[in-house]
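Q: After the sequence you'll find the predicted model.
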Amino acid sequence: MRSLQSVGILCGFGAGCWLGAAEAPTKLVTIGISPVVVSLLMVAGVFLARWTLPALMRGTGQIGWDLRQAPHLVVWGILAGCLWAVANTLTIFAIRDVGLSIAFPLWNLNSLVGILWGIVLFNELRNAGVRRWLSVLGGALLMFMGAALLAFASSMQTTPQHATRGIVAALAAGLLWGTMYVPYRKAYLTGMNPLSFVTFFTIGELVTMSVIAVMYVGGSSALMRELLRAREVLFWLLLGGFVWVVGDLLQQYAAKYVGISRGIPLSNTNQLWGLAWGMLVFGELRGHGLSLYIQVIGGSLLMAAGAGAIALSSVTSEEHGRWHEAAHREGKRYGVSADYVQAGLAGTDSKRAESRARSRSWVDWSVISVATAVFVGLAAISRVPDIALNWRAAVVLAVALVVLLGWCGASLWKVTRFS
């Protein structure tokens, strides 16, 4: 249990780093590209990544095996994808109106929503002890105070109409993302592998986002004109979606092994990475007074401290026992094999799954080849966006991405074999 918790905590921090970087391409909204088009293209990148990475790491045969064990999770995965698509679109509007540095921490109030659902539905924090409850409640209070400070800072920098609109969009995204974690937890208590669950998830994402985009721009013909106008930056937006999937996979492993009440706050350290990209790379807040820097940085640190207090309240054996109760309740409700459920909780594959070789079929290599060809083709026609940025800071942050991904990947393979 300690090994799985350590891996879960590490994945939470890694998820924060990658999820923070994934929002950087959304700055393209500032050069006139429609927020809905930005979100649609990111979802297209997400779609490619959600099929490519599982095919590369585990094989589509294993995805089919998981589907046969728990077919009900397809519906939950599609529902989660629908929630994500709407929430991601709201974040683009929030970034346009109040900026990346400020919008990020506001939508990370999804932690509080996730904690509530974890306690009510999945026995998280049950029998956890007074000290751990105080850590969670105190952390939630710190996060609320930090968000309030950032909301005040944003209202001072834009017109009241834009500030209010951006704040509401960011908070609504946080509410939807916090609710999205309910299907996550149902999947992992049942024993589903994160690499399998994300493939169902992307169906809801792509369909919902396509409908939103067509309705928002006024029809499919208008949408095609918008896409052609943005053709030189398509690669960067798809890349943002791909980066987001890497962070989301790490976040899902964190949610699986330390629960949503701890894993989600840990992944919400992306607020600090978002602040770093916004301030260091894109020069947000440059030229403003010292008091604004104090408010934004202070608010972000308060939220990070709150998330840390929540996440580092370790799971006791008594609480873990209550997780088992919730897991077997889910398995009984949907008729899932007890062996499959128990193996998922332990971070392994069931015996029947282990007997199947994880070889890659022609389907896997076809998926990987098509996704690679799409990215290479778009890269060939792309150009660097006309946005002022600090390349030195961007390189340093990119190196941090690679280092954390290598550490998380090695740890996951050593302890769970990506189960």
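A: That came through, no problem.
Q: Could you find the closest non-adjacent residue to residue 193?
A: Nearest residue to residue 193, sequence neighbours excluded (CB to CB, 6 or more residues apart in numbering): residue 66, at 5.6 Å. Yep, even glycine has a C-beta here, placed from its N, CA and C like the rest.
Q: tell me the pLDDT at the one you found?
A: Residue 66 is assigned a pLDDT of 81 by the prediction.
Q: got it, and the one 10 residues further on?
A: With respect to pLDDT, residue 76 scores 87.
Q: got the contact list for it?
A: 183, 186, 187, 200 (CB atoms under 8 Å, 6 or more residues apart in numbering).
Q: most surrounded residue in these?
A: Tallying neighbours with other CB atoms under 10 Å puts residue 187 at the head of those, with 29 neighbours.
Q: pretty sure that one is in contact with residue 75, am I right?
A: No: using CB atoms under 8 Å, residue 187 and residue 75 do not qualify as a contacting pair, with a distance of 11.0 Å.
Q: Select the longest helix from the chain.
A: helix 160-190 (DSSP state H).
Q: Could you list the buried residues of that helix?
A: Neighbour counts over helix 160-190 (16 or more other CB atoms under 10 Å) mark 163-167, 169-190 as buried.
Q: Give me the mean pLDDT for the helix or strand following that helix.
A: Later in the chain than helix 160-190, the nearest helix or strand by DSSP states H and E is helix 194-217. For helix 194-217, the mean per-residue pLDDT is 83.
Q: how about helix 194-217: buried residues?
A: Neighbour-count burial for helix 194-217 [16+ other CB under 10 Å]: 194-206, 208-210, 212-214, 216-217.
Q: Look up which helix or strand residue 369 falls in, please.
A: Residue 369 belongs to helix 362-381, assigned by DSSP H and E.
Q: hang on, the earlier thing: which element follows the strand or helix carrying the residue nearest to residue 193 toward the C-terminus?
A: Assigned by DSSP H and E, residue 66 belongs to helix 60-69. Sequence order places helix 73-98 as the next helix or strand after helix 60-69, per DSSP H and E.
Q: how about that following helix: buried residues?
A: Quick answer for helix 73-98 (16+ other CB under 10 Å): 73-74, 76-98.
Q: Could you check how many residues crowd around residue 131?
A: 9.
Q: Excluding residues flanking it in the chain, which one is nearest it?
A: Closest to residue 131 by CB to CB, 6+ apart is residue 313, at 7.4 Å.
Q: Touching, the one you found and residue 136? I think so.
A: Yes: using CB under 8 Å, residue 313 makes contact with residue 136 at a distance of 6.1 Å.
Q: so how far is the helix or strand residue 7 falls within from its chain's centroid?
A: Taking DSSP H and E as the criterion, residue 7 maps to helix 2-22. Offset of helix 2-22 from its chain centre (CA atoms, centre = their mean, to the nearest Å): 11 Å.
Q: Buried by neighbour count: which residues of the very next helix or strand once past it qualify?
A: Per DSSP H and E, the first helix or strand lying C-terminal to helix 2-22 is helix 35-57. For helix 35-57, burial by neighbour count (16+ other CB under 10 Å) applies to 35-55.
Q: now do stretch 330-339
A: 330, 331, 336.
Q: Any chance of TSV for these, columns pLDDT, distance to residue 274 and secondary structure?
A: Shown next, in TSV, are the buried residues of stretch 330-339 (pLDDT from 0 to 100; distance: CB to CB, whole Å; DSSP: H, G, I helix; E, B strand; the rest coil):
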residue	pLDDT	distance to residue 274	secondary structure
330	80	34	helix
331	80	38	helix
336	82	37	coil
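Q: Tell me the one of these nearest residue 21?
A: residue 330 (33.5 Å; CB to CB).
Q: Give me the number of neighbouring residues for the residue lying closest to residue 331 once chain neighbours are set aside.
A: Nearest non-adjacent residue to residue 331, counting by CB to CB, 6+ apart: residue 341, 4.1 Å away. When counting by other CB under 10 Å, one arrives at 25 neighbours for residue 341.
Q: Quick check: next helix or strand after the helix or strand containing residue 112?
A: Remark: residue 112 resides in helix 110-122, with elements defined by DSSP H and E. As assigned by DSSP H and E, the chain's next helix or strand after helix 110-122 is helix 130-155.
Q: How far off centre is that following helix?
A: Between the centre of helix 130-155 and the centre of its chain there are 20 Å (CA atoms, centre = their mean).
Q: With stretch 92-105 instead?
A: With CA atoms, centre = their mean, you get 16 Å for stretch 92-105.
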